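K.L.:
Mind folding the following:
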Amino acid sequence: MVLSDPMLDSIMSRSDWSEPDSVLGTYVAQMDRLINLVEPGVPLSLTVHGLLVSGDLIPQWQWYAEVSEMNDYEDAFFVGMAEHMKEQSDLAHNAIRQRDIGGEVTHRQMSALLAPTKYIHLRNTRIYSPDSKPDEVRLWRGRLSDVSGWTPGLAAAS
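P.N.:
Next up is the predicted model:
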(Lines give C-alpha, C1' and ligand atoms only; values in the text may rest on other atoms or scores of the structure.)
Protein backbone atom coordinates (compact mmCIF):
# COMPACT_ATOMS: atom_id res chain seq x y z
CA MET A 1 0.00 0.00 0.00
CA VAL A 2 1.35 3.41 -1.00
CA LEU A 3 0.48 6.34 1.21
CA SER A 4 0.38 9.80 -0.22
CA ASP A 5 0.38 13.20 1.39
CA PRO A 6 -2.13 15.53 -0.34
CA MET A 7 -0.11 18.64 0.61
CA LEU A 8 3.14 17.17 -0.69
CA ASP A 9 1.45 15.80 -3.82
CA SER A 10 0.05 19.22 -4.72
CA ILE A 11 3.43 20.87 -4.19
CA MET A 12 5.28 18.27 -6.24
CA SER A 13 2.78 18.45 -9.09
CA ARG A 14 3.23 22.19 -9.53
CA SER A 15 5.24 23.04 -12.59
CA ASP A 16 6.74 26.23 -11.19
CA TRP A 17 9.76 24.29 -9.91
CA SER A 18 10.99 24.08 -13.49
CA GLU A 19 10.19 27.72 -14.22
CA PRO A 20 12.96 30.31 -14.03
CA ASP A 21 13.16 32.60 -11.03
CA SER A 22 10.70 35.39 -11.83
CA VAL A 23 12.91 38.14 -10.40
CA LEU A 24 15.92 37.00 -12.43
CA GLY A 25 13.71 36.54 -15.50
CA THR A 26 12.39 40.10 -15.17
CA TYR A 27 15.90 41.42 -14.64
CA VAL A 28 17.19 39.66 -17.77
CA ALA A 29 14.14 40.69 -19.82
CA GLN A 30 14.70 44.34 -18.89
CA MET A 31 18.38 44.03 -19.83
CA ASP A 32 17.39 42.54 -23.21
CA ARG A 33 15.20 45.58 -23.91
CA LEU A 34 18.05 48.08 -23.60
CA ILE A 35 18.96 49.70 -26.90
CA ASN A 36 22.46 50.96 -26.09
CA LEU A 37 25.60 48.88 -25.66
CA VAL A 38 26.12 47.82 -22.07
CA GLU A 39 29.71 48.38 -20.99
CA PRO A 40 31.09 46.63 -19.02
CA GLY A 41 27.92 44.69 -18.14
CA VAL A 42 26.16 44.00 -14.86
CA PRO A 43 28.17 41.62 -12.61
CA LEU A 44 26.14 38.51 -11.77
CA SER A 45 26.84 35.06 -10.29
CA LEU A 46 24.60 32.05 -10.99
CA THR A 47 24.33 28.48 -9.76
CA VAL A 48 23.74 26.16 -12.72
CA HIS A 49 23.65 22.37 -12.19
CA GLY A 50 26.03 22.62 -9.24
CA LEU A 51 28.49 24.92 -11.00
CA LEU A 52 29.08 28.57 -10.18
CA VAL A 53 28.89 30.75 -13.30
CA SER A 54 30.03 34.33 -12.82
CA GLY A 55 30.23 37.09 -15.43
CA ASP A 56 28.82 40.32 -16.78
CA LEU A 57 25.17 40.29 -17.86
CA ILE A 58 24.64 41.82 -21.31
CA PRO A 59 21.58 42.08 -23.58
CA GLN A 60 20.82 39.18 -25.88
CA TRP A 61 21.28 41.30 -29.03
CA GLN A 62 24.70 42.45 -27.82
CA TRP A 63 25.74 38.86 -27.10
CA TYR A 64 24.75 37.80 -30.64
CA ALA A 65 26.57 40.79 -32.11
CA GLU A 66 29.74 39.86 -30.25
CA VAL A 67 29.47 36.16 -31.17
CA SER A 68 29.02 37.04 -34.85
CA GLU A 69 32.17 39.20 -34.71
CA MET A 70 34.33 36.44 -33.22
CA ASN A 71 36.81 35.04 -35.71
CA ASP A 72 37.96 32.03 -33.73
CA TYR A 73 35.16 29.72 -34.90
CA GLU A 74 35.83 27.68 -38.02
CA ASP A 75 32.57 25.77 -37.84
CA ALA A 76 30.41 27.13 -40.68
CA PHE A 77 27.24 25.78 -39.07
CA PHE A 78 27.95 27.57 -35.79
CA VAL A 79 28.77 30.83 -37.57
CA GLY A 80 25.62 30.52 -39.69
CA MET A 81 23.45 29.90 -36.64
CA ALA A 82 25.04 32.83 -34.79
CA GLU A 83 24.31 35.10 -37.74
CA HIS A 84 20.71 33.85 -37.98
CA MET A 85 20.13 34.36 -34.26
CA LYS A 86 21.73 37.81 -34.45
CA GLU A 87 19.24 38.68 -37.20
CA GLN A 88 16.35 37.62 -34.94
CA SER A 89 17.83 39.56 -32.07
CA ASP A 90 18.31 42.60 -34.32
CA LEU A 91 14.60 42.47 -35.20
CA ALA A 92 13.68 42.73 -31.52
CA HIS A 93 16.32 45.39 -30.91
CA ASN A 94 15.04 47.50 -33.83
CA ALA A 95 11.45 47.03 -32.65
CA ILE A 96 12.40 48.42 -29.25
CA ARG A 97 14.11 51.36 -30.89
CA GLN A 98 11.10 52.04 -33.15
CA ARG A 99 8.64 51.67 -30.30
CA ASP A 100 10.61 54.07 -28.10
CA ILE A 101 10.55 56.83 -30.73
CA GLY A 102 6.89 56.26 -31.59
CA GLY A 103 7.64 54.61 -34.92
CA GLU A 104 5.75 51.80 -36.59
CA VAL A 105 6.79 48.27 -35.65
CA THR A 106 6.42 45.52 -38.26
CA HIS A 107 4.68 42.24 -37.49
CA ARG A 108 8.00 40.39 -37.76
CA GLN A 109 9.67 42.83 -35.34
CA MET A 110 6.75 42.57 -32.92
CA SER A 111 6.94 38.76 -32.95
CA ALA A 112 10.64 38.93 -32.11
CA LEU A 113 9.98 41.52 -29.42
CA LEU A 114 7.24 39.50 -27.73
CA ALA A 115 9.23 36.26 -27.65
CA PRO A 116 9.58 35.23 -24.00
CA THR A 117 12.97 35.58 -22.35
CA LYS A 118 14.35 32.06 -21.93
CA TYR A 119 18.12 32.58 -21.93
CA ILE A 120 20.67 34.61 -20.03
CA HIS A 121 23.80 36.02 -21.69
CA LEU A 122 27.10 36.72 -19.93
CA ARG A 123 30.43 38.12 -21.05
CA ASN A 124 33.87 37.58 -19.49
CA THR A 125 32.57 34.52 -17.69
CA ARG A 126 34.25 32.24 -15.19
CA ILE A 127 32.83 28.78 -14.57
CA TYR A 128 33.79 27.31 -11.21
CA SER A 129 33.53 23.58 -10.55
CA PRO A 130 34.56 21.70 -7.42
CA ASP A 131 38.24 20.77 -7.20
CA SER A 132 39.42 22.59 -10.32
CA LYS A 133 40.50 26.01 -11.47
CA PRO A 134 37.79 28.14 -13.06
CA ASP A 135 37.33 27.96 -16.81
CA GLU A 136 37.24 31.36 -18.49
CA VAL A 137 35.04 31.94 -21.52
CA ARG A 138 34.46 35.19 -23.37
CA LEU A 139 30.74 34.69 -24.00
CA TRP A 140 28.32 32.34 -22.22
CA ARG A 141 24.62 31.61 -22.81
CA GLY A 142 22.43 29.50 -20.56
CA ARG A 143 18.78 28.61 -20.02
CA LEU A 144 17.12 30.67 -17.31
CA SER A 145 15.23 27.58 -16.17
CA ASP A 146 18.56 25.88 -15.37
CA VAL A 147 19.56 28.59 -12.89
CA SER A 148 18.83 27.42 -9.33
CA GLY A 149 20.26 30.44 -7.54
CA TRP A 150 21.84 33.81 -8.26
CA THR A 151 23.33 36.88 -6.64
CA PRO A 152 24.42 40.29 -7.88
CA GLY A 153 28.20 40.64 -8.16
CA LEU A 154 31.05 38.48 -9.35
CA ALA A 155 32.36 35.44 -7.51
CA ALA A 156 35.69 36.13 -5.84
CA ALA A 157 38.64 34.41 -7.47
CA SER A 158 40.49 32.21 -5.01
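
K.L.:
When you work out contacts or count neighbours from here on, use the C-alpha atoms and nothing else.
P.N.:
Noted.

K.L.:
does the nearest residue in space to Ser129 that is not next to it in sequence have beta-bridge partners, and which?
P.N.:
Excluding its sequence neighbours, the residue lying closest to Ser129 (C-alpha to C-alpha, 6 or more residues apart in numbering) is Leu51, at 5.2 Å. Leu51 has the following beta-bridge partners by DSSP bridges: Val48.

K.L.:
Could you tell me how far Leu51 is located from Arg123?
P.N.:
17 Å (C-alpha to C-alpha, to the nearest Å).

K.L.:
Model confidence for the residue nearest to Ser129, exactly?
P.N.:
The per-residue pLDDT reported for Leu51 equals 95.

K.L.:
Surely it is in contact with Tyr128?
P.N.:
Yes. Assessed by C-alpha atoms under 8 Å, Leu51 is found in contact with Tyr128 at 5.8 Å.

K.L.:
And the helix or strand hosting Glu66, what's buried?
P.N.:
In the assignment (DSSP states H and E), Glu66 maps to helix 60-69. Going by neighbour count (16 or more other C-alpha atoms under 10 Å), the buried part of helix 60-69 is Gln60, Trp61, Gln62, Trp63, Tyr64, Ala65, Val67, Ser68.

K.L.:
Appreciated, that's everything.
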